[in-house]
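**Q** turn this into a structure:
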Amino acid sequence: MNKYKKLTFILIIVLAFALRFYKLGQIPTSLDWDENSNAYNAYSILKTGRDEYGNFLPLTNRSFDDYKPPLYMYLNVMTIPIFGLTPFASRLPSAFLGTATVILAYYLAKFLFRNQKIINVELASQISMLLLATSPWHAHFSRVGFEANVGLFCAVSAITTFLYGLKKRKLLPLSALLFAISAYSYHSVRIYLPLLFLATIYVYRNEIKTLSKKIILSFLIIASIFTLPVLVFTPRDAITERFNAATSELRREEAEKAIKYIKQDQKEHIPFASIIDNRRLFTFSTILDNYLWHFDLNYLFIKGDDNFRHHIEGQGMLYLWQLPFILMGIFQLIKNRSRETTLILLWLLIAPIAAAPARPAPHAIRSEAMVIPFILITAFTICQLVAKKGMIAKMLLASTILAASFSFIVYLHDYFIHYPLEQSAPWQYGYNTAAEETDKLKTHYEKIKVDGALEQAYIFWLFSTKFDPSVYQKNGSRNGFDKYVFNSPAPTSPSELYVSTAGKFPENFIILKTINYPNGEAAIKIGYPQTNK
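**A** Numbers count the residues shown, from 1 in each chain. Just a heads-up that it's a prediction; the model follows:
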C-alpha cells in the first residue's frame, strides 16, 4: 500500500470514527431501556460482582426477562469505570467496535475480491470500507448501545480471520475464539454465524481438506471450550423466555388462523381440512414471508422498518442511489461467479434467517448482517464502472459520486438536526430527566409514584440516580425501591409525588415540572394532588 492509499485508508477510519463518536452521548437523545439495563447491570457487577437480580457474574443479562447475551454488559464493565455511569460510556463499545468493523470490511473485501481481474482490488476494498463507514444502517446502530452491532463485529472478525487463516494457519485459533465469543454477543448471531461458517467451509472445502487434523481439532476445541459455558450455564428460562418473546405473537396468530379456517372448511364439508389448514403450514408460510420482507425494496431503500429507533424518518436502511448498483452487482456476481462471489451471495441469503421466525418483520436490528454483503456488492459494481472507458462511463461515475455525496450530506443533516427533534419519543426521552428531577425532590415527599405508562421505568431511575446496587439487590425490585413506586396509580395524598406521561397526567394535580421533548411538546409531568380527595 503506497502512501496515498495509506492516507485514504486513514482518512476513512477518521471519518468512520467521527461519524460514530460525534455527540455520541447526546444523539440519539436518550438511552432506551436496553441501553440503561446493560449499563446499570454493568455498574452493579462493578460494585458487587452481581447483577440487579443478585446473580454472581451472570452469563445473561436477565433485564426485563428477555435475557440478553452478556457481552455488551461486560464491555460496559470496562467503560463505566473510565467514563462513569453515563450515556457515553453506555454507547462506547458499540461506537468503538463499529469503527473496528469498518476496518475489517477493508480486509474482508480484499480477500473476497482478490481473484477478480475485472476490478481494482485495492480500490474495491477501500470503497467497501467507505461505504460501511457512511452506511446509514451501520452508522445508526454504531451510535447506540445495541448488542447487534457488537455481534456484527464478532461475526465479521470471525469470518475474516478464518478466511485469512486458511493460508496463515496461526489465525485459525483466533477465529475459533472470535466464533465462540460471538455466542455471547447477540441472539441472531447465534443463528446466522454458524450457518455462515458452514457456508464458508463448504465454499472453501478444498482448502480445508489440506488442513491437518491437529489444526482442525484445535479449532474445534477452542470454539467448544469457550462456547460451552453459555450452553451449560445459561438458565433454561433464558432460552425459553427469549424464544417465546420473539415468536409467541407469530405462533398465536397462525394457530388462531388455522382454527378459524378448519372450522370454515368443516362447515363446507371440505375433506382433509385439518391437513390443508395445518397451523404448521401457516407458520412456515409466515416465516417465509417474514424472510422475504427483508429483501423488500421499500424497506431497504425508502422507509426502513416500523421502528424509529432503528433509522431516521424518510430513510431506508441503504441509500437509494445504491439500488441500481446492487441489482446490477448481484447479476454480475452470478455471471462472474467464483468461490468468493458465492460466499458474498450466501452471506446475503443467510443474514435475515434469524429474523424470519419473529415479529415484527422486517426488523433492522435482527437483519443488520445484511449490510456487509450489500456494501460489498455495491463496491464491486462501482469498481466495474471505474474500469470502463468512454464518456458515458465517466458521466455515470461522476453522477454516482454526486448522488452518493448528496445522500450522505442529507443523511448527516437529517440525523444530527431533525432526528433528535422529531424522533425523541421512541427513545423514551424524558425518563432519565424525570428520574433526576424526582431525586432532587424526594426529601420533601413520602413516596414518588411512577405511572405504568412509563414502561420499565425502574431501570431509568436506577441508572439516573446511580442507586446503590447492593441496597437494591437486598430491598428493591421492579415494583419499587427507596421511595419510588413503579406501575402505580395516581396518588391521593399531596405528600406523594406523581410522575406520568403528559397525555395521562391528572388535571387536578399541581404540576411542579414539565419535561418537554426537544421539539417543545410536553413529554412527562411531575406533580402532586391538590387535596386528599
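
**Q** low-confidence ranges in the stretch 201-350 of the chain?
**A** Along the stretch 201-350 of the chain, the parts satisfying pLDDT under 70 run over 237-282.

**Q** for it, just list every one of the helices.
**A** Assigned by DSSP state H, counting those that start in this stretch, the stretch 201-350 of the chain shows helices spanning 205-209, 213-232, 236-267, 273-276, 279-293, 297, 322-335, 339-350.

**Q** which stretches in this protein count as strands?
**A** For the chain, the strands defined by DSSP state E cover 447-450, 480-481, 484-486, 496-501, 509-516, 522-529.

**Q** got the ones you listed as CSV, with distance to I10 columns?
**A** Using the backbone N, CA and C atoms, a C-beta is placed for each residue, glycine as well. Below are the strands of the chain laid out as CSV (distance: least, CB to CB, whole Å):
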stretch, distance to I10
strand 447-450, 49
strand 480-481, 49
strand 484-486, 49
strand 496-501, 47
strand 509-516, 42
strand 522-529, 42
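
**Q** and those strands: which comes nearest Y40?
**A** Proximity to Y40 (CB to CB) singles out strand 480-481 among the strands of the chain, at 12.0 Å.

**Q** packing partners for that closest one?
**A** Contacts defined by 3 or more CB pairs under 8 Å, 6 or more residues apart in numbering; DSSP states H and E place strand 480-481 against helix 457-465, helix 469-475.

**Q** mind running it again at 6 Å?
**A** Contact here means 3 or more CB pairs under 6 Å, 6 or more residues apart in numbering; DSSP states H and E; on that basis strand 480-481 packs against no helix or strand.

**Q** gap between that strand and the chain center?
**A** Averaging C-alpha positions (CA atoms, centre = their mean, to the nearest Å) puts strand 480-481 30 Å from its chain's average.

**Q** ok, now stretch 67-74?
**A** The chain centre lies 13 Å from the centre of stretch 67-74; the measure is CA atoms, centre = their mean.

**Q** and that stretch, end to end?
**A** Distance across stretch 67-74, first residue to last, is 14 Å (CA to CA, to the nearest Å).

**Q** repeat that for stretch 352-368.
**A** End-to-end for stretch 352-368, by CA to CA: 8 Å.

**Q** related to what we said a few turns ago, okay if I get the strands of the chain as CSV plus distance to W293 and mean pLDDT?
**A** Formatted as CSV, the strands of the chain follow (distance: least, CB to CB, whole Å; pLDDT from 0 to 100):
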stretch, distance to W293, mean pLDDT
strand 447-450, 37, 97
strand 480-481, 41, 96
strand 484-486, 36, 97
strand 496-501, 32, 97
strand 509-516, 36, 96
strand 522-529, 32, 96
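
**Q** next, format those strands as TSV and append mean neighbour count and distance to T161.
**A** Converted to TSV, these look like this (neighbours: other CB atoms under 10 Å; distance: least, CB to CB, whole Å):
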stretch	mean neighbour count	distance to T161
strand 447-450	24	47
strand 480-481	20	45
strand 484-486	22	45
strand 496-501	23	48
strand 509-516	15	47
strand 522-529	21	46
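
**Q** can you tell me which of those is nearest to L104?
**A** That would be strand 522-529 among the strands of the chain, by CB to CB, at 39.1 Å.

**Q** picking that back up, of all the strands of the chain, which one is nearest Q384?
**A** Proximity to Q384 (CB to CB) singles out strand 522-529 among the strands of the chain, at 49.8 Å.

**Q** show me the contacts for the residue nearest the centre of the chain.
**A** Nearest to the mean C-alpha position of the chain, by CA atoms, centre = their mean, lies A148 at 3.4 Å. Applying CB atoms under 6 Å, 6 or more residues apart in numbering, we find A148 in contact with Y186, I365, E368.

**Q** now with 8 Å?
**A** Applying CB atoms under 8 Å, 6 or more residues apart in numbering to A148 gives the contacts F141, Y186, S188, V189, I365, R366, E368.

**Q** mind listing which of these are in helices?
**A** F141, S188, V189 (DSSP state H).

**Q** top of these by neighbour count?
**A** V189 (30 neighbours; other CB atoms under 10 Å).

**Q** what residue, apart from its backbone neighbours, is nearest that one spatially?
**A** The shortest distance from V189 to any non-neighbouring residue, by CB to CB, 6 or more residues apart in numbering, is to G151 (3.9 Å).

**Q** so that neighbour makes contact with Y184?
**A** No - contact criterion CB atoms under 8 Å: G151 and Y184 do not qualify, at 9.2 Å.

**Q** so what sits against both of these two?
**A** The contact sets of G151 and Y184 overlap at P69, L71 (CB under 8 Å, 6+ apart).

**Q** more neighbours: which of those two?
**A** Neighbour comparison, G151 and Y184: the larger count goes to G151, with 29 against 25 (by other CB under 10 Å).

**Q** let me see the contact set for S488.
**A** Applying CB under 8 Å, 6+ apart, the residues near S488 are K449, V450, D451, G452.

**Q** 7 Å instead?
**A** By CB atoms under 7 Å, 6 or more residues apart in numbering, the residues touching S488 are K449, V450, D451.

**Q** can you list the domains in this protein?
**A** The chain breaks down into these domains under automatic domain parsing: 3-236+291-422, 428-529.

**Q** for the last one, the distance to its chain's centre please.
**A** Distance of domain 428-529 from its chain centroid, counting by CA atoms, centre = their mean, is 28 Å.

**Q** what's T227 in contact with, if anything?
**A** Counting by CB under 7 Å, 6+ apart, T227 touches A180, A183.

**Q** state the distance from it to V189.
**A** 12 Å (CB to CB, to the nearest Å).

**Q** ditto for E207
**A** E207 sits 24 Å away from V189 when distances are taken as CB to CB.

**Q** try A403
**A** 33 Å.

**Q** also K6?
**A** Distance from K6 to V189, by CB to CB: 32 Å.

**Q** same question, P229
**A** 16 Å.

**Q** before we move on, what about L123?
**A** L123 sits at a distance of 30 Å from V189 (criterion: CB to CB).

**Q** also M73?
**A** The spacing between M73 and V189, counted by CB to CB, is 15 Å.

**Q** and what of P494?
**A** According to CB to CB, P494 and V189 sit 52 Å apart.

**Q** give the contact list for E455.
**A** Going by CB under 7 Å, 6+ apart, E455 touches W33.

**Q** rerun at 8 Å
**A** Contacts of E455 (CB under 8 Å, 6+ apart): W33, Q428.

**Q** please report phi then psi for it.
**A** phi -70, psi 140 (degrees, to the nearest 10).

**Q** which one is T86 nearest to, not counting chain neighbours?
**A** Closest to T86 by CB to CB, 6+ apart is G25, at 6.3 Å.

**Q** go on, L172?
**A** Using CB to CB, 6+ apart, the closest residue to L172 is G165 (3.9 Å).

**Q** burial measure for I82, as a count.
**A** When counting by other CB under 10 Å, one arrives at 9 neighbours for I82.

**Q** check whether it really touches P93, as I assumed.
**A** No - with contact defined as CB under 8 Å, I82 does not count as touching P93 (11.8 Å).

**Q** contacts only, for E207.
**A** Contacts for E207 (CB under 8 Å, 6+ apart) come out as L166.

**Q** look up how far K117 lies from it.
**A** 20 Å.

**Q** with V450 instead?
**A** Counting by CB to CB, the gap from V450 to K117 is 64 Å.
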